[in-house]
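# I'll drop the sequence and a predicted model, then ask my questions.
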Amino acid sequence: MTIGILLVALLVILIGAETFTNALEHLGERLKISEGVTGSIFAAVGTALPETMVPVVAILSTVSTQQVREEVGVGAILGAPLMLSTVAMCLMALAAFGRRGLHGHLRPERKGLRRDLRFFLFAFGISLAALFIPHELPIVRAMLAIGLVLVYFVYVLLTFRDSANLVADGHGTEAHAEMFLCRLGLPDSPPVLAVQLLGGLVLLVAGAKGFVYSVSAASALYGLSPLLLALLIVPVATELPEKVNSIIWIRRGKDTLAFGNITGAMVFQGSLLPALGIALTPWQPGLTVLSGVIVTYVAALWVSVVAMRGELRVWHLFVNGGFYVAYLVLVLGV
């Protein structure tokens, strides 16, 4: 039964991802915005919103004990960037490997990629520092949380500011194919575009929910703690399925959209969600939490350094997958 739900959920996610990315490309083309804005803001936030609710609901609900709610919240907050910077990057490499080979070039728009990674590293560095701020200094913790919110606000402003120049340089969003609903005879109009966008997002959310249910049921057999469950299982179930968008885009050669979908979500979930964790949870440097933050930071730093050299290749992202394996060995002792 669990396997059946898992397979159906994956199918729904794939259909939703195709529907959503198709509509998103048409939205970006219609608005005459760059691929950077489409990928890093619209796609990243649109697909990150469903899993963003996991830590919010966990922290603010009254279900279970406070300790369990806090562990699930912290795990979900930190697990999302961990998955994006390691496993999601590695999956992009797998998607590109067949056509480009191990040493094939990846060509996202450099300025946007560097901006995303620099903002993420700055914001996540604040989150890392906050782990060592004692609760006896609530004003300092509050200031750090507010600072993270401001970081994301500035990031959005800069991303939109650069859009016009990028479009002029040939990085405007271009639709890969006709809008799906138009193939059914519907007009190519804003209302139809909105319906397809919403429909694709609903399918992604529904598929992710089914995926969460099936993965959570299976993980219970191994007796994982709430923190480990949230760190390792919830992000796999909520983050990775919806990053199928990046796999689709990178197979089509739309590297800027593919990377932006991941790095934009990293900035979103590496700034706003840690702000919530700093303000409402213990946010303490236990082994599982601290090692996860460090692995995430190193993985993002690795991509940033390689991107700055201008020689981003497929094998570089396989290294990110290795970081995740190292983290599993550390926390699970496998």
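Thanks, I have it. Numbering: from 1, shown residues only.
# What's the per-residue pLDDT of the spatially most central residue of the chain here?
Nearest to the centroid of the C-alpha atoms of the chain, with distances taken as CA atoms, centre = their mean, sits Ala265, at 3.9 Å. The score at Ala265 is 85. That number is its pLDDT.
# same question, the one 10 residues further on
At Ala275 the predicted local confidence, pLDDT, stands at 90.
# Surely it touches Val149?
Yes - Ala275 is within contact range of Val149, at 5.3 Å (criterion: CB atoms under 8 Å). All C-beta spots, glycine's among them, are computed from the backbone N, C-alpha and C.
# In the stretch 151-300 of the chain, mark out all the helices, start to finish.
Secondary structure of the stretch 151-300 of the chain (DSSP state H, counting those that start in this stretch): helices at 163-166, 190-219, 226-228, 234-242, 244-251, 255-280, 287-309.
# Pretty sure the residue nearest to the centre of the chain sits against Ser85.
No - with contact defined as CB under 8 Å, Ala265 does not reach Ser85; the gap is 10.2 Å.
# re the thing from before, and Ala275 and Val149? which has more neighbours close in?
Of the pair Ala275 and Val149, Ala275 is the one with more neighbours under other CB atoms under 10 Å, namely 24 against 14.
# So which of the helices of the stretch 151-300 of the chain is nearest Leu24?
Nearest to Leu24 among the helices of the stretch 151-300 of the chain is helix 190-219 (6.8 Å), distances taken as CB to CB.
# in this structure, which segments are predicted with low confidence?
Along the chain, the model assigns pLDDT under 70 to residues 1-3, 6, 10, 13-14, 17, 33-73, 163-176, 208-242, 333-334.
# how many other residues sit next to Leu301?
Neighbours of Leu301 (other CB under 10 Å): 16.
# what about it, distance to Val295?
Distance, Leu301 to Val295, by CB to CB, to the nearest Å: 11 Å.
# Over to Pro274?
15 Å.
# More neighbours: those two, which one.
Pro274 (28 against 21).
# for that one, what are its contacts?
Ile77, Leu78, Ala123, Phe124, Ile126, Ser127, Ala130, Ala145, Leu148 (CB atoms under 8 Å, 6 or more residues apart in numbering).
# quick one: the second one and Ile294 touch, right?
No - look at Leu78 against Ile294 with CB under 8 Å: they stay out of range, at 10.8 Å.
# Between those two, which is the more surrounded one?
Leu78 (30 against 15).
# how about that one, what does it touch?
Leu231, Pro274, Gly277, Val289, Gly292, Val293, Thr296.
# Which of these sits closest to Ala307?
Out of those, the member with the shortest distance to Ala307 (by CB to CB) is Thr296, at 16.7 Å.
# For that closest one, give me its contacts.
Applying CB under 8 Å, 6+ apart, the residues near Thr296 are Leu78, Pro81, Leu82, Ser85, Thr86, Phe124.
# Who are the packing partners of the helix or strand encompassing Val149?
Assigned by DSSP states H and E, Val149 belongs to helix 138-161. Applying 3 or more CB pairs under 8 Å, 6 or more residues apart in numbering; DSSP states H and E, we find helix 138-161 packed against helix 35-37, helix 110-130, helix 255-280.
# Next, the angle from the last one to helix 110-130.
In terms of direction (axes from the mean of the first three to the mean of the last three CA atoms, to 10 degrees), helix 255-280 departs from helix 110-130 by 20 degrees.
# can you pull the buried residues of helix 255-280?
255-280 (16 or more other CB atoms under 10 Å).
# Could you do stretch 280-300 as well?
In stretch 280-300, counting by 16+ other CB under 10 Å, buried: 280-281, 283, 288-289, 291-293, 295-297, 299-300.
# Greatest separation within those: which pair is it?
Maximum distance among the buried residues of stretch 280-300 (CB to CB): 26.3 Å, for Leu280 and Ala299.
# neighbours around Met143, how many?
14.
# Pull the contacting residues for Met89.
Counted by CB under 8 Å, 6+ apart, Met89 has contacts Ile262, Ala299, Val303, Leu317, Asn320, Gly321.
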